[in-house]
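Asker: Fold the following and give me the result.
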Amino acid sequence: MKSIAPSEAKDQLSKYLREAGKEGVVITRHGEPAGRLSELDSEDDWFDYRLENDPRFLRRIETARASLRAGRGVPLEEVDVS
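Answerer: As a prediction, the model looks like this:
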C-alpha cells in the first residue's frame, strides 16, 4: 500500500485514483495515516458505502435495535410472508 502526503494527493489525484484500483493509497498527515483511497468495484459497492455511512440510516438501525431490546419486535416465526 502506497503512502502519500495530502499535497501530493491534491496535485496528482487522477494518478492516485488509478493506483488505488491496483493497491490502496493511504494519505498521511504529519506521517500518520489520515485517509485512504480505494477502488469501488461496482455500483453496488458505491450504494453499500453510502448506506453504511448515512447518519439517517444508522439512526434508524439503532432505533430498531433499541425497540427489539425493549421487547417491541415481532419474532421472525410470526412474520407472514404469503
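
Asker: Look up phi and psi at Ala34.
Answerer: phi -130, psi -20 (degrees, to the nearest 10).

Asker: whoops, I mixed them up, Pro33
Answerer: Here is the backbone geometry of Pro33 (degrees, to the nearest 10): phi -60, psi 130.

Asker: Just list whatever residues bridge to it.
Answerer: Here Pro33 shows beta-bridge partners Thr28, assigned using DSSP bridges.

Asker: Contacts only, for it.
Answerer: Contact analysis of Pro33 by Cβ atoms under 8 Å, 6 or more residues apart in numbering lists Ser3, Val26, Ile27. Placement of C-beta: from N, CA and C, glycine included.

Asker: Which helix in the protein has the most residues?
Answerer: Using DSSP state H to define each element, the chain has its longest helix at helix 55-69.

Asker: Show me what it is in contact with.
Answerer: Here helix 55-69 makes contact (Cβ under 8 Å, 6+ apart) with Leu51, Gly73.

Asker: Quick one: mean pLDDT over that helix.
Answerer: For helix 55-69, mean pLDDT rounds to 94.

Asker: Checking Ser3 next. Helix, strand or coil?
Answerer: With DSSP: H, G, I helix; E, B strand; the rest coil as the basis, Ser3 sits in strand.

Asker: show me the contacts for it.
Answerer: Each residue near Ser3 by Cβ under 8 Å, 6+ apart is listed here: Val25, Val26, Ile27, Thr28, Pro33.

Asker: ok so, going back, export only the CA atoms of the longest helix of the chain, formatted as PDB.
Answerer: Extracted C-alpha coordinates of helix 55-69, given in PDB (Å, rounded to 0.1, in the frame of the first residue of the first chain):
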ATOM      1  CA  PRO A  55     -26.300   9.100   9.600                       C
ATOM      2  CA  ARG A  56     -30.100   8.800   9.000                       C
ATOM      3  CA  PHE A  57     -29.900   5.100   8.100                       C
ATOM      4  CA  LEU A  58     -27.600   4.400  11.100                       C
ATOM      5  CA  ARG A  59     -30.100   6.200  13.400                       C
ATOM      6  CA  ARG A  60     -33.000   4.100  12.100                       C
ATOM      7  CA  ILE A  61     -30.900   0.900  12.600                       C
ATOM      8  CA  GLU A  62     -30.100   1.900  16.200                       C
ATOM      9  CA  THR A  63     -33.800   2.800  16.900                       C
ATOM     10  CA  ALA A  64     -34.900  -0.600  15.500                       C
ATOM     11  CA  ARG A  65     -32.300  -2.400  17.700                       C
ATOM     12  CA  ALA A  66     -33.400  -0.500  20.800                       C
ATOM     13  CA  SER A  67     -37.000  -1.400  20.000                       C
ATOM     14  CA  LEU A  68     -36.100  -5.100  19.800                       C
ATOM     15  CA  ARG A  69     -34.100  -4.900  23.000                       C
END
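
Asker: I appreciate the help and will end here.
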